[in-house]
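[1] Following is a predicted model, sequence given first.
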Amino acid sequence: MNRQLAAITGIEAYVPEYRLTNIELEKLVDTNDEWIISRTGIKERRIQKEPGKAVSDMAAIVVKKLLQKTNTSPDEIELLICCTVTGDMVFPDTGNIICDKVGIKNAFAFDINAACSGFLFGLTTGSKFIEAGTHKKVIVIGADKMSSIIDYTDRATCIIFGDGCGAVLLEPSTNGYGIVDSVLRGDGSGREYLHMKAGGSLKPASLETVMNKEHFVYQEGKAVFKSAVNGMVDTVSKVMERNHLTKNDIDWLVPHQANIRIINSVADGLDFDKSKVMINIEKYGNTTAGTLPLCLAEWEPKLKKGDKIILTTFGGGFTWGATYLTWAY
Ligand code: UT7
């Protein structure tokens, strides 16, 4: 008997209005437009500036649009997964806050903290509830307000990250297309290179942690870069091999948008034609859990039913992986 697949039946995304350009960053830190573009491919990123607004507010905008677009009532949603490292509060989960803001009352919700791999881990998790036959409508959100944990005096990190959010509706596939397979990985020893030092149970917030700027992203870029390329090439190769796919079978590669040089190295390592690679890093920078749904939403008008797509990510944890899906509409 064929397995019941979960399919993406709708996608929406949102980025805040404010554009933080390289020129503006030149005024904040010792950097320049040429260095940022040549080393990262980023021209600008969006920043959620309004006071009192958080990840749940971006997500609420996206979820409302998604429900409307897919003709779904909030009451029909049974599970909502919010993938983020910048949730509104340490607890409760932001997923619950989003449900409250959009009127979803018959669901349970939780967050997934897998940094840049969050959306991929969430997509796989959400699809399993559909495959098991227990749930029929699941929303998976990838959202981050990275500006809330970035030190705008640290040129090694402030040039990279931005804010953004995307979400998909998952439903049982009716045409055989959907989320087919994932190879997901983690290696906690990578935490040394990418983390936030304080604010958790290891080092609760104190005057000292604030003074030492320990509530911001800490990254050793070079170490992360190498692991990211290797990790994405390896998991994409594995998921292709497992599903008997060659590069010519794949219509789109959707890589995490962390650095154009990482994206190019991954495409080269897999010998993929660049015209099949979704890239929008120049407009948004690295939105952590937001990058994959922001790409899929932008390319949605070009996608065709049956298109073979591979999503791949690498991020803090370390966490990484690749998911193979066929577009369902
Ligand atoms: O999504 C989560 C996973 N994260 C990633 O995938 C990020 C991976 N890493 C990267 O994208 C890159 O490592 C960075 C963009 C963070 C840095 O690029 P890099 O080519 O690895 O630069 P680097 O850190 O090796 O620095 C090279 C030089 C250094 O100067 P010296 O020592 O050669 O004189 C830096 O001080 O560039 C300097 N530098 C800068 N110069 C101008 C570092 N940041 C900047 C800057 N502007 N913003």
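    Nice, I can see it. Numbers count the residues shown, from 1 in each chain.
[2] element containing Phe91, please.
    Here Phe91, judged by DSSP states H and E, is contained in no helix and no strand.
[3] From the structure, what's the count of residues near it?
    9 (other CB atoms under 10 Å). Quick note: C-beta positions are derived from backbone N, CA and C, even for glycine.
[4] for the ligand, what are the nearby residues on the stretch 51-200 of the chain?
    Contact residues (CB under 6 Å from any ligand atom) of the stretch 51-200 of the chain with the ligand: 116, 155-156, 159-160.
[5] Kindly apply the preceding question to the stretch 201-329 of the chain instead.
    Going by CB under 6 Å from any ligand atom, the residues of the stretch 201-329 of the chain near the ligand are 221-222, 224-225, 228, 258-259, 262, 286, 315.
[6] Next, format those residues as a markdown table and append secondary structure.
    As requested, those are arranged in a markdown table below (DSSP: H, G, I helix; E, B strand; the rest coil):
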| residue | secondary structure |
| --- | --- |
| Gly221 | helix |
| Lys222 | helix |
| Val224 | helix |
| Phe225 | helix |
| Ala228 | helix |
| Ala258 | coil |
| Asn259 | coil |
| Ile262 | helix |
| Asn286 | strand |
| Gly315 | strand |
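[7] Which of the residues you listed sits closest to Asn106?
    Nearest to Asn106 among these is Gly315, at 31.9 Å by CB to CB.
[8] partner residues bridging that closest one?
    As for beta bridges, Gly315 partners with Thr319 under DSSP bridges.
[9] What residues does the residue nearest the centre of the chain make contact with?
    Most central residue of the chain, judged by C-alpha distance to the mean C-alpha position with CA atoms, centre = their mean, is Ala289 at 2.4 Å. Shown in contact with Ala289 (CB atoms under 8 Å, 6 or more residues apart in numbering): 83-85, 114-116, 118-119, 122, 142-144.
[10] ok so, going back, please dump the residues of the stretch 201-329 of the chain next to the ligand into a markdown table; it should also carry pLDDT and neighbour count for every row.
    Formatted as a markdown table, those follow (pLDDT from 0 to 100; neighbours: other CB atoms under 10 Å):
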| residue | pLDDT | neighbour count |
| --- | --- | --- |
| Gly221 | 95 | 17 |
| Lys222 | 95 | 9 |
| Val224 | 97 | 21 |
| Phe225 | 97 | 18 |
| Ala228 | 98 | 27 |
| Ala258 | 98 | 28 |
| Asn259 | 98 | 22 |
| Ile262 | 98 | 23 |
| Asn286 | 98 | 25 |
| Gly315 | 97 | 27 |
